[in-house]
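Undergrad: need a 3D model of the following:
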Amino acid sequence: MSDPVERLTARLREEEAVVVAYSGGADSALLAFAAGRALGTRALAVTAVSPSLAASERSAARAFAREHGLAHVEVCTDEIERPEYTANGRDRCYHCKSALFDALTPLAAAMGAAVALGTNLDDLGDHRPGQRAAAERGVITPLVDAGLTKADVRAVSRELGLVTAEKPAAPCLASRVSYGDPVTPEVLARIEAAEAALRDLGFPVCRVRAHAGGTLARIEVPKDQIARAGELRDHVDAAVRGAGFTFCSLDLSGFASGRLNALLPLLPS
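TA: All right, here's what the predicted structure looks like:
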């Protein structure tokens, strides 16, 4: 076994039990898998269900847990009912993670477990207010403690034969809503439907960023796919408008994670 796996296993075995915040992405999938191997029945993977979780992601999380025999439950979180979250300010992720941990804490308390989050070392340099919510509540970050970067997560997942090794990043749907525009179930559903339609058109990596109160869709695809998106513009336009957007645009800069963070300097501190 590789050193990262041994370090991660050793870190997890320092806990009596863990409740893993499990979205089904590469990071949380590796953490849930490793926790299951290290702690057996003392590890529980928990998926937070809300309008910000795409149905396809929920299905993938269920399938991974079934494949690997993980103890897995789903809980509904109430961030969409919290005005601080729906206002969509710079600290939206703080309020989202607060809702998540508020839901996981009772489960963890019943098990005598720590709550674990799949943060990796690379995440520490990004704008992630959710990390503050985790720190305030004593949530552990075993991937960080074991020294794993995103590249390490993917390499270890490959070594272990996990299907999530090459899974593209899939942050919550709310991350597509322009800061300052309200996060609503309707806008999130619009984004989810538009991205699903674009994947059906052959764009597996894409983002639909919602602007102008959820009326304008700004599409991001990898740079080498921009020309193809232009060739399919009628289909792309129909797909996005069919999802409920009034306007459809294609970002000529191409896809980049966290693109909306460019707006942060313009927001109230």
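Undergrad: what sits against L198?
TA: 206, 208, 219, 221, 236, 239-240 (C-beta atoms under 8 Å, 6 or more residues apart in numbering). Just so you know, the C-beta spots here come from the backbone N, C-alpha and C atoms, and that holds for glycine as well.
Undergrad: give me that answer again for 6 Å
TA: C206 (C-beta atoms under 6 Å, 6 or more residues apart in numbering).
Undergrad: what helix or strand is E74 on?
TA: strand 72-76 (DSSP states H and E).
Undergrad: quick one: buried residues of that strand?
TA: Neighbour counts over strand 72-76 (16 or more other C-beta atoms under 10 Å) mark H72 as buried.
Undergrad: and the longest helix seen in the chain, which residues are buried?
TA: In the chain, taking DSSP state H as the definition, the longest helix is helix 92-111. Buried residues in helix 92-111, counting neighbours by 16+ other C-beta under 10 Å, are found at 92-101, 103-105, 108, 111.
Undergrad: what lies in contact with the next helix-or-strand element following that helix?
TA: Where DSSP H and E defines the elements, the next helix or strand beyond helix 92-111 is strand 114-116. Contacting residues not belonging to strand 114-116 are listed as 15, 18-20, 104, 108, 139-140, 142 [C-beta under 6 Å, 6+ apart].
Undergrad: repeat that for stretch 97-113.
TA: Contacts of stretch 97-113 (C-beta under 6 Å, 6+ apart): 16-19, 46, 48, 75, 77-79, 115, 130, 133, 137.
Undergrad: ok, of those, which come out buried?
TA: Applying 16+ other C-beta under 10 Å to the contacts of stretch 97-113 flags 17-19, 46, 48, 77, 79, 115, 130, 133, 137 as buried.
Undergrad: so which helix or strand of the protein has the lowest pLDDT on average?
TA: For the chain, using mean pLDDT, DSSP states H and E, the weakest element among its helices and strands is helix 130-136, scoring a mean of 91.
Undergrad: in that one, what's buried?
TA: 130-131, 133-134.
Undergrad: again with stretch 236-248
TA: Buried, per 16+ other C-beta under 10 Å, within stretch 236-248: 236-237, 239-240, 243-245, 248.
Undergrad: please state the offset of it from the chain centre?
TA: Here the centre of stretch 236-248 is set off from its chain's centre by 24 Å, with C-alpha atoms, centre = their mean, to the nearest Å.
Undergrad: can I get it in PDB? Just the C-alpha atoms.
TA: Taking C-alpha atoms only, stretch 236-248 is exported to PDB below (Å, rounded to 0.1, in the frame of the first residue of the first chain):
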ATOM      1  CA  VAL A 236     -27.100  24.500 -27.000                       C
ATOM      2  CA  ASP A 237     -29.400  27.500 -27.000                       C
ATOM      3  CA  ALA A 238     -32.500  25.400 -27.200                       C
ATOM      4  CA  ALA A 239     -31.300  23.200 -24.300                       C
ATOM      5  CA  VAL A 240     -30.500  26.100 -22.000                       C
ATOM      6  CA  ARG A 241     -33.700  28.000 -22.800                       C
ATOM      7  CA  GLY A 242     -35.700  24.800 -22.500                       C
ATOM      8  CA  ALA A 243     -34.400  24.600 -18.900                       C
ATOM      9  CA  GLY A 244     -36.000  27.900 -18.200                       C
ATOM     10  CA  PHE A 245     -33.300  30.600 -18.900                       C
ATOM     11  CA  THR A 246     -34.300  33.700 -20.900                       C
ATOM     12  CA  PHE A 247     -30.900  34.400 -22.300                       C
ATOM     13  CA  CYS A 248     -28.000  32.100 -23.200                       C
END
